[in-house]
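**Student:** Just to be clear, the model below is a prediction. Sequence and coordinates:
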Amino acid sequence: MTWNLAAVKRFCTRNWSLKLLSLMLAVCIWSFSALSRETRYEMVLPVELRNTPPGCTVAAPLTGEVHFTLTGPSILVDGARRANSRLILSLRGAMPGKTLFSHLETNLKLPEGIKVTRISPATLEIELIREQTNSDQGAPKQ
């Protein structure tokens, strides 16, 4: 069987509305399956402290990073991954002493439909101390 140009053209242009409808239906089914596919992703974020009270400093080196395990539709997990580059903790209003941060997932930008299934470490303890000034150290020794 030989195909000539006119036969190919007739084949491609016949029932074009049905072909377009079929293509649109295929794209809808594909996008639905891509959106609903559950995925699990381990996200590691560095910790950044902000709003340290004046005259205070962090006593000990703090945990450098926190591990989060996210589950949800893959497209939403990808969006959450791009929206969070670091874990920002605010020390506004903190006093010298120990400050405990729990529920660290509340500091993330997560779309609805994403669940945090694991956090390690689950809490962060930050100790603030007053900075030493020259007047606190006394007169210089001779």
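**Tutor:** Noted; the coordinates are in hand. Only a predicted model underlies this, so the values are computations on that prediction, with no experimental measurement involved.

**Student:** Note down every partner strand of the longest strand anywhere in the chain and its orientation.
**Tutor:** When the chain is parsed with DSSP state E, its longest strand is strand 38-50. Using DSSP bridges, strand 38-50 pairs in its sheet with strand 65-73 (antiparallel), strand 87-90 (parallel).

**Student:** Quickly list the domain ranges of this structure.
**Tutor:** What automatic domain parsing lists as the domains of the chain is 7-36, 37-130.

**Student:** Make TSV from the ones you listed and add mean neighbour count and mean pLDDT to it.
**Tutor:** Where you see a C-beta, it was placed from the backbone N, CA and C, and this is true even at glycine. Shown next, in TSV, are the domains of the chain (neighbours: other C-beta atoms under 10 Å; pLDDT from 0 to 100):
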stretch	mean neighbour count	mean pLDDT
domain 7-36	10	82
domain 37-130	14	89
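
**Student:** re the thing from before, tell me which strands and helices the helix or strand just after the longest strand of the chain is in contact with?
**Tutor:** Sequence-wise, the next helix or strand downstream of strand 38-50 (DSSP states H and E) is strand 56-58. Here strand 56-58 touches strand 124-130, going by 3 or more C-beta pairs under 8 Å, 6 or more residues apart in numbering; DSSP states H and E.

**Student:** Please save the CA atoms from the strand it packs on in PDB.
**Tutor:** Taking Å, rounded to 0.1, in the frame of the first residue of the first chain, the C-alpha atoms of strand 124-130 are listed here in PDB:
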ATOM      1  CA  LEU A 124      16.300  23.100  69.300                       C
ATOM      2  CA  GLU A 125      17.700  24.500  72.500                       C
ATOM      3  CA  ILE A 126      19.500  27.800  72.200                       C
ATOM      4  CA  GLU A 127      21.300  29.400  75.100                       C
ATOM      5  CA  LEU A 128      21.700  33.200  75.100                       C
ATOM      6  CA  ILE A 129      24.300  34.800  77.300                       C
ATOM      7  CA  ARG A 130      25.100  38.400  77.900                       C
END
